[in-house]
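Novice: Take a look and give me a structure for this.
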Amino acid sequence: MARRLLYEGLKPEAFEQLKNKLQTLGLNLQHNSGSFKEKGVSGSYSYNPENEMLELDDLNISFPASMLLNMDSLERRMTEAVVQHGGRPQQA
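Specialist: Residues are numbered from 1 along each chain as shown. Model prediction:
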């Protein structure tokens, strides 16, 4: 089942650092919005630098990533990476 994640407080410089970190993990985010499908992880993303919001949508895991990750562990890893770069999960 696809998942949607929202993060706030992610400054533009931190988003660039986050993109670099994700690239080392095999996820290549080219611009402020787009989609990705690499190594069994797919989804779309949208970053708004004005309000410092990052949205990850339609996150899915398939083979080969499904051999190592489930959706909860992917969400945990993404949240850890965002928090390390100054962002935080958006409160409902």
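
Novice: residues in contact with S35?
Specialist: 42-45, 58 (CB atoms under 8 Å, 6 or more residues apart in numbering). C-betas here are computed from N, CA, C, even on glycine.

Novice: switch the cut-off to 10 Å
Specialist: Residues in contact with S35 (CB atoms under 10 Å, 6 or more residues apart in numbering) are 29, 42-46, 57-58.

Novice: just E13 next, same as before
Specialist: When contacts are counted by CB under 10 Å, 6+ apart, E13 touches 49, 85-86.

Novice: and which of those residues is nearest to F36?
Specialist: H85 (17.8 Å; CB to CB).

Novice: Helix or strand for the closest residue to the closest one other than its chain neighbours, just tell me which one.
Specialist: Spatial nearest neighbour of H85, excluding adjacent residues (CB to CB, 6 or more residues apart in numbering): A14 at 4.1 Å. Assigned by DSSP states H and E, A14 belongs to helix 12-24.

Novice: Likewise for V83?
Specialist: helix 71-84.

Novice: Direction included, what does the following helix or strand past that helix pair up with?
Specialist: Going down the chain from helix 71-84, the next helix or strand is strand 88-89, by DSSP H and E. Within its sheet, and counting by DSSP bridges, strand 88-89 is paired with strand 3-8 (antiparallel).
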